[in-house]
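sequence first, predicted model second:
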Amino acid sequence: MPELPEVETVVRELRAHGLVGRTVAGVGVAWPRVLVGDTPGAFTRKLRGRRIEVVGRRAKYILLKFSGGMSLAIHLRMTGQLHFAARAAPRDVHETIWLVFEDGEELRFHDTRKFGVWKAAASLDALLPELGPEPFDPAFTVKVFRERLSGQRRAIKTLLLDQAFLAGVGNIYADEALWDAKLHPQRRADGLTRAQAAALYAAVRRVLTAGIANNGTSLGDGATNFARLEGRRGGNASTLKVFRRDGQPCPRCGVELRRIVVGQRGTHFCPRCQRSKTP
Ligand SMILES: [Zn+2]
């Protein structure tokens with residue numbers, strides 16, 4: 001599932017394609033369940049005639065802000081992919097919803113598993129669930145991170161995946177950050193030392209930065225894989241140190257990497273570098 005770097009990649013590509021400034025002439029809906037809380041007619045009335053003013057991201061959501069104070073949140077979930085097409089271009093059976101612009105181009109949502117979500121509302125509070133800080137927000141300092149860890153008894157891996165604790169981190173980047181910071185995924189979150197919390201804070205930002213710089217992580221060739229705009233692959237997979245590399249040697253110490261389950265999620269780590277107790 002796309003995480004912060006993958007969604008940020010799509011957002012930047014949408015901007016580069018010139019999505020800002022387009023005006024919605026209509027909406028096509030082939031799969032009404034992509035819409036949360038709206039009929040296709042109600043959803044179309046919310047957006048028709050409005051101009052896209054901002055293309056941004058919050059956590060793992062693509063956020064389009066329209067003239068007149070309307071916003072649209074898109075969550076790609078498992079298989080959602082966006083692409084532009086001329087209005088006359090043939091429609092794929094997996095295209096569940098599309099925006100039609102006044103200039104004749106369409107922004108189409110291709111979603112083979114159909115878990116993706118589009119939701120429009122006038123206020124962001126009505127649009128988004130409770131979300132923790134953005135990892136790159138200047139207000140999210142290492143001190144804030146430490147304060148948020150205190151009193152958290154859950155395993156650190158589980159906590160990193162909680163979007164209400166920290167926005168944007170998912171399974172890939174949580175495993176990579178914990179390896180980078182040399183922390184066992186099952187360490188209790190409130191048991192980290194000051195130095196360990198600081199190392200993890202830096203590691204989270206480092207692995208996310210690399211993910212963005214490499215246009216996201218595309219794994220394997222399956223349909224559930226992340227794809228950039230127009231179906232292109234992200235280039236970050238070759239930089240991963242532990243994620244889905246169980247059985248291979250740790251790039252730091254050479255010991256065989258292992259896979260365990262933490263909070264029902266497959267978790268990859270080095271049993272030597274990432275000790276379960278404070279050294
Ligand atoms: Zn190691």
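Perfect, thanks for sending it. All of these numbers come straight from a predicted model, not from anything done at the bench.

get me the contact residues on the chain for the ion.
Contact residues, the chain versus the ion (CB under 5 Å from the ion): Cys250, Arg252, Cys253, Cys270, Arg272, Cys273. C-beta coordinates here come from the backbone N, C-alpha and C atoms, glycine included.

compare the residues you listed and tell me which is most surrounded.
Cys270 (24 neighbours; other CB atoms under 10 Å).

could I have the CA atoms of the one helix or strand in the chain whose mean pLDDT sits lowest written out in PDB?
Every helix and strand in the chain was compared by mean pLDDT, DSSP states H and E; the lowest is helix 124-127, with a mean of 88. What follows is helix 124-127, C-alpha atoms only, in PDB (Å, rounded to 0.1, in the frame of the first residue of the first chain):
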ATOM      1  CA  LEU A 124     -10.900  19.100   6.000                       C
ATOM      2  CA  ASP A 125     -12.100  18.000   9.400                       C
ATOM      3  CA  ALA A 126     -15.100  16.300   7.700                       C
ATOM      4  CA  LEU A 127     -12.700  14.700   5.200                       C
END
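
buried residues, it. List them.
By neighbour count on 16 or more other CB atoms under 10 Å, the buried set for helix 124-127 is Leu127.

that helix packs against which elements?
When contacts are defined as 3 or more CB pairs under 8 Å, 6 or more residues apart in numbering; DSSP states H and E, helix 124-127 sits against strand 71-75, strand 117-121.

next SSE downstream of the first one?
So that's strand 71-75. strand 80-86 (DSSP states H and E).

identify whichever of the helices and strands packed on helix 124-127 lies nearest to Thr217.
Across the helices and strands packed on helix 124-127, Thr217 has its closest neighbour in strand 71-75 (17.5 Å, CB to CB).
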